[in-house]
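# mind looking at a prediction? Sequence and model below.
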Amino acid sequence: MQIIAMILSPILALIIGIFFLGLSRKMMARIHWRYGPPWTQPIIDIIRLFSQKSVTHGHLFNLGLILSLAGSIVVILFIPVGRIHPLSDSGGMLVILYMLLLAPLGLALSGGEAANPNTSIGISRQLILALGYEVPLLLILLALMTHYETISIVEIVFRQQYAGWALLSSPLVLSGIGYISIMPAILGIRPFEVVQAPQEISSGPMVEYGGPYLALATIQHALNLFIGIALFVNLFLGGAGNPLFFFIKMLVVFVLGIFINAALPRLRIEQAVQYLWRWPTLLALVGLIVVIVMKSVSAG
Amino acid sequence: MDRNQLNKWLKTPAKMGHKYSLHAVYFCTGCGIIEVPPSITARWDAERFGVLPVATPRQANLFLITGYVSVKTLRAIIRTYEQMPEPKFTVGFGSCPINGGMYWDSYNTIKHLDKYIPVDGWIAGCMPRPEAIFVAVTHLWTLIDKDMADGYKRYRKNYQAYRENQERALGKLEWPPLFSIGGKG
């Protein structure tokens, strides 16, 4: 049973992630008053890319990409999707926090081997941005773990099923708002699209990927999209009883994300870090203090 | 448009992929910077044909040569073309790449682009309207369907002749040959 779940959950994540990529292109086109591509366009692109041949820049160029893909797939195994949670009973959120770093690290290794100046700028921006959103993210997760007194993500989902969503419960609402305000940075959409800025640095870390490499990078991007939204749905929107409701919750969050993406221009990297370390961090810190105070009041 | 015919996708997935996912390298070589942005943005919307501008030649498989080709640009065009992964398609846009156009006696432009890189199709006019890009794209679909868009194969086959022409126009090239010269590559 667990093996079936282990195979099913990355496949489900891949389908949902690629559907989201296609949906975002169609919806962005509609917001621009264009007709737009069919929603299957990412699948067409991936078929085309796999059928092409491209150059490699060395072993680390290949292995780094595989490392980032593997890192994303491992994270997905720890995230419960509805009732499907192959590895969530062991480890919990601390493992997810460590494993989340594998994907950007793999891309950085792979891009660094290509030795393109645009890649170096993109990677340095990616690591700076990660530094920017990891501080509020850690504070938010700390508030959650303190409130629910557990590190297990399954336990947190289970507690929310009868106690109500964490986003709407009184001590965690500030942390929830903080998470919403850093989510564009986690997903890498505008206004935090500094890493893959096609007009500035020729799509950053992706600049040397072509053919099958770009196909794998697109799949990794789709999985990354899934992880960012699935974590929010599990931690703050109470997860779901079955994959269908989970998908509907993810869809709502993602559509709101597309609206933000369509409406806002791109920040510069130092503006992004200034924003991330000011308002979301402040919200997360106040949220953590509120949770601790409420905890000690109810205990004492 | 046979994008939704599943049996064609199952029979020749690679060919259908090349047809409906043409990523154009975003490099306006001559005058075309006025015509290309309207065709990819809200007015004419190239994305409904699957045509998307990308910022790097490694991700692209369609190369629009827009307008006159100066000798300095030819160097960049050749390098960009050689960096694109195969199969790749080139379309000359405007009359200047065809035969020199109004620059036919200029000292600093080349006249026939297809002496230097293989070109799969031409769009005549000075300048053509943005709609002409879509006419070209639909023609390119037909050519890909019939295996007639074989510029990249011709480049591989006649690389020695192309390289000689390039060296005649540019002097000594500072990059090594893409394919082995004289071999049957």
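That came in fine, so what should we check first? Numbers count the residues shown, from 1 in each chain, chains lettered A, B, ... in the order given.
# which residue packs closest to residue A:34, ignoring adjacent ones?
residue B:45 (4.1 Å; Cβ to Cβ, 6 or more residues apart in numbering or on different chains). (Glycine included, C-beta is placed from N, CA and C.)
# what sits up against stretch A:170-182?
Residues from elsewhere that reach stretch A:170-182, judged by Cβ atoms under 8 Å, 6 or more residues apart in numbering or on different chains: A:133, A:136-137, A:139-140, A:143-144, A:147, A:166-167, A:232, A:235-236, A:276, A:279-281, A:283-284, A:286-288, A:290-291, A:294.
# what's the offset of it from the middle of its chain?
The chain centre lies 17 Å from the centre of stretch A:170-182; the measure is Cα atoms, centre = their mean, to the nearest Å.
# then stretch B:37-49?
Remark: stretch B:37-49 is offset 18 Å from the chain centroid, using Cα atoms, centre = their mean.
# before we move on, what about stretch A:116-133?
The answer for stretch A:116-133 is 16 Å, by Cα atoms, centre = their mean.
# just the residues contacting it, thanks.
Contact with stretch A:116-133 is made by A:101, A:104, A:107-108, A:111-112, A:182, A:185-186, A:192, A:194-196, A:201-208, A:269, A:272-273, A:276-277, A:280, as judged by Cβ under 8 Å, 6+ apart.
# from residue B:162, how far out is the residue of the stretch 151-300 of chain A found nearest chain B?
Per Cβ to the nearest Cβ, residue A:210 is where the stretch 151-300 of chain A lies closest to chain B, at 3.3 Å. Separation of residue A:210 from residue B:162 (Cβ to Cβ, to the nearest Å): 22 Å.
# one step back: ok, now which ones touch the residue of the stretch 151-300 of chain A closest to chain B?
Residues near residue A:210 by Cβ under 8 Å, 6+ apart: A:49, A:52, A:54, A:55, B:56, B:57, B:58, B:59, B:84, B:85.
# could I have the buried ones of those as ChimeraX selection syntax?
Buried residues among the contacts of residue A:210 (16 or more other Cβ atoms under 10 Å in any protein chain shown), as a ChimeraX selection:
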select /A:49,52,54 /B:56,57,58,59,84,85
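# which ones among the contacts of residue A:210 lie within strands?
Using DSSP state E, no member of the contacts of residue A:210 sits in strands.
# just the ones of the contacts of residue A:210 in helices?
Per DSSP state H, helices hold the following members of the contacts of residue A:210: residue A:49.
# just the strands in chain B please.
Ranges of strands in chain B, per DSSP E, are B:23-25, B:52-54, B:62-66, B:89-93, B:121-123.
# okay, those in a markdown table with mean neighbour count, distance to chain A and mean pLDDT next?
Output for those, formatted as a markdown table (neighbours: other Cβ atoms under 10 Å in any protein chain shown; distance: least, Cβ to the nearest Cβ, whole Å; pLDDT from 0 to 100):
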| stretch | mean neighbour count | distance to chain A | mean pLDDT |
| --- | --- | --- | --- |
| strand B:23-25 | 22 | 8 | 89 |
| strand B:52-54 | 21 | 7 | 88 |
| strand B:62-66 | 25 | 11 | 89 |
| strand B:89-93 | 25 | 12 | 90 |
| strand B:121-123 | 21 | 19 | 90 |
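# chain neighbours aside, what residue packs nearest to residue 75?
You didn't say which chain, so I picked chain A. Excluding the flanking residues, the one nearest residue A:75 by Cβ to Cβ, 6+ apart is residue A:99, at 4.7 Å.
# the chain in question should be chain B.
residue B:170 (5.8 Å).
# touching, that neighbour and residue B:74? I think so.
Yes: using Cβ atoms under 8 Å as the test, residue B:170 is close enough to residue B:74 to be in contact (6.6 Å).
# out of those two, which sits in the more crowded spot?
More crowded of residue B:170 and residue B:74, by other Cβ atoms under 10 Å in any protein chain shown: residue B:74, with 20 against 16.
# and the residue nearest to that one when sequence neighbours are not counted, its phi and psi?
The shortest distance from residue B:74 to any non-neighbouring residue, by Cβ to Cβ, 6+ apart, is to residue B:110 (5.7 Å). The phi/psi pair for residue B:110 (degrees, to the nearest 10) reads phi -90, psi 150.
# who are the contact partners of residue B:110?
B:69, B:70, B:71, B:74, B:100, B:116, B:169.
# surely residue A:285 is in a helix?
Yes: according to DSSP: H, G, I helix; E, B strand; the rest coil, residue A:285 belongs to a helix.
# how about the contacts made by it?
For residue A:285, the contacting residues are residue A:139, by Cβ under 8 Å, 6+ apart.
# give me the pLDDT for it.
Confidence at residue A:285, expressed as pLDDT, is 92.
# what is the burial count for the residue nearest to residue B:97 when sequence neighbours are not counted?
Spatial nearest neighbour of residue B:97, excluding adjacent residues (Cβ to Cβ, 6+ apart): residue B:113 at 4.0 Å. Residue B:113 sits with 23 neighbouring residues when counted by other Cβ under 10 Å.
# quick check: the residue most central in space within chain B vs residue B:23, distance?
Residue closest to the mean C-alpha point of chain B, counted by Cα atoms, centre = their mean, is residue B:90 at 1.8 Å. Separation of residue B:90 from residue B:23 (Cβ to Cβ): 14 Å.
# hey, what's in contact with both of the two?
residue B:62.
# near chain A, which residues of chain B are found?
B:3-4, B:13-14, B:16-18, B:20-21, B:23, B:26, B:41-42, B:45, B:47-48, B:50, B:52, B:54-59, B:61, B:84-87 (Cβ under 8 Å from any Cβ of the partner chain).
# would you map the helices across chain B?
B:6-11, B:13-20, B:36-40, B:71-83, B:96-99, B:131-145, B:151-157, B:159-170.
# let's have those helices in JSON lines, adding distance to residue A:40.
Below are the helices of chain B laid out as JSON lines (distance: least, Cβ to Cβ, whole Å):
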{"stretch": "helix B:6-11", "distance to residue A:40": "10"}
{"stretch": "helix B:13-20", "distance to residue A:40": "9"}
{"stretch": "helix B:36-40", "distance to residue A:40": "20"}
{"stretch": "helix B:71-83", "distance to residue A:40": "28"}
{"stretch": "helix B:96-99", "distance to residue A:40": "34"}
{"stretch": "helix B:131-145", "distance to residue A:40": "17"}
{"stretch": "helix B:151-157", "distance to residue A:40": "26"}
{"stretch": "helix B:159-170", "distance to residue A:40": "37"}
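# between these, which one is nearest to residue A:90?
helix B:13-20 (39.7 Å; Cβ to Cβ).
# pLDDT below threshold where in chain A?
Within chain A, the segments meeting pLDDT under 70 span A:88.
# what does it have sitting close to chain B?
So chain A meets chain B at A:25, A:29, A:32-38, A:41, A:44-45, A:47-49, A:51-55, A:198-199, A:202-203, A:206-211, A:214 (Cβ under 8 Å from any Cβ).
# so in chain B, where's the weakest helix or strand by average pLDDT?
Within chain B, confidence by mean pLDDT, DSSP states H and E is lowest for helix B:6-11 among all helices and strands, at a mean of 84.
# returning to what we had before: any idea what the residue nearest to the centre of chain B is bridged to?
Beta bridges link residue B:90 to residue B:63, judged by DSSP bridges.
# what sits against the spatially closest residue to residue B:15 that is not a sequence neighbour?
Counting by Cβ to Cβ, 6+ apart, residue B:15 lies nearest to residue B:144, which is 6.3 Å off, once chain neighbours are set aside. Neighbouring residues of residue B:144 by Cβ under 8 Å, 6+ apart: B:15, B:18, B:19, B:89.
# what of residue B:41?
A:32, A:34.
# that one and residue A:41, how far apart?
Applying Cβ to Cβ to residue B:41 and residue A:41 gives a distance of 17 Å.
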